[in-house]
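In: Fold the stuff below for me.
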Amino acid sequence: MLEFEGQTLLHRHIRNLERCGIAQITVVVGYHADQVRAAARSAAVSAVVDTQENVDFREGSILSLLAARSALCAGHPILLMDADVLCDSRLLGALVQGEPGNRLLVDRVFEAGDEPVKLCVAGDRIVDFHKRPRNAFDWCGESVGFFWLEGGTAAAIARRAEAIAGDGGRRLEYEEAIREVMLDPAQARFGFRDITGLPWIEIDFPEDVVRARELVLPALAQ
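Out: As a prediction, the model looks like this:
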């Protein structure tokens, strides 16, 4: 609900999704659910907006992923995305355009530390996906938190999230379920799109809001 030049992040996301041809949007709500639900529905022009509530939002984000299981298991491609990102509309274009297949976005320029989720690559294959990678790699970049998932892969991620949460992992982050499916040789392979150089920022802390307004917002494509 943070505003940038009079538009909330949520409003920007929904309008950008509509420009990419997305017709059905599911928003997982939790904290101040009614406020976010109303804002999501009022922002849409052409898309149908559905909301699913995670009443346990104080626990791990894996439960928010589970709240969207009906969308993940619908059998068609899914664009899964974090909501706390101010980004250039070209990031979504890079994700949705192209041949069928699972893919995510990666930025090779990022601040080191345990906060960014790293996509790790050896050769041309993804070998890890974690804040603290465990496998050897040639290079890594930061995941934007946007994913294009084929229907079978999205359903597999929902099943893994359910298994993790049921096995004592309710406080884990949703990336754990994606990582397990991504690294499973029995699942469909993931690709990635390098968006290094395009403006975006994940907003976790007050200083991120300042950087978003001063550095990222002026660089966004109109």
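
In: Hmm, residue 122 is touching residue 136, no?
Out: Yes: counting by Cβ atoms under 8 Å, residue 122 does reach residue 136; the two are 6.8 Å apart. Using the backbone N, CA and C atoms, a C-beta is placed for each residue, glycine as well.

In: Which of the two has more residues huddled nearby?
Out: residue 122 (14 against 9; other Cβ atoms under 10 Å).

In: quick one: that one and residue 50, what's the gap?
Out: 39 Å (Cβ to Cβ, to the nearest Å).

In: Which elements pack onto the lengthiest strand in the chain?
Out: Ordering each strand of the chain by length in residues (DSSP state E) puts strand 139-149 first. For strand 139-149, the packing partners by 3 or more Cβ pairs under 8 Å, 6 or more residues apart in numbering; DSSP states H and E come out as strand 78-81, strand 85-87, helix 89-96, strand 102-107, strand 118-122, strand 200-202.

In: Which positions in the third one come out as buried?
Out: Along helix 89-96, these residues count as buried under the neighbour rule (16 or more other Cβ atoms under 10 Å): 89, 91, 92, 93, 94, 95.

In: now the residue most central in space within the chain, nearest residue through space, not along the chain?
Out: Among the residues of the chain, the one closest to the centroid is residue 81, at 2.6 Å (Cα atoms, centre = their mean). Spatial nearest neighbour of residue 81, excluding adjacent residues (Cβ to Cβ, 6 or more residues apart in numbering): residue 146 at 4.6 Å.

In: Can you report how many residues lie near the one you found?
Out: The number of residues near residue 146, taken as other Cβ under 10 Å, comes to 22.

In: Repeat that for residue 10.
Out: 18.

In: Pull the contacting residues for it.
Out: Residues in contact with residue 10, defined by Cβ atoms under 8 Å, 6 or more residues apart in numbering, are 1, 27, 36, 39, 40, 43, 83.

In: returning to what we had before: JSON lines for the buried residues of helix 89-96, including distance to residue 179 and pLDDT?
Out: Below are the buried residues of helix 89-96 laid out as JSON lines (distance: Cβ to Cβ, whole Å; pLDDT from 0 to 100):
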{"residue": "89", "distance to residue 179": "28", "pLDDT": "88"}
{"residue": "91", "distance to residue 179": "21", "pLDDT": "92"}
{"residue": "92", "distance to residue 179": "23", "pLDDT": "92"}
{"residue": "93", "distance to residue 179": "26", "pLDDT": "91"}
{"residue": "94", "distance to residue 179": "22", "pLDDT": "91"}
{"residue": "95", "distance to residue 179": "19", "pLDDT": "93"}
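
In: That concludes my questions; thank you for your assistance.
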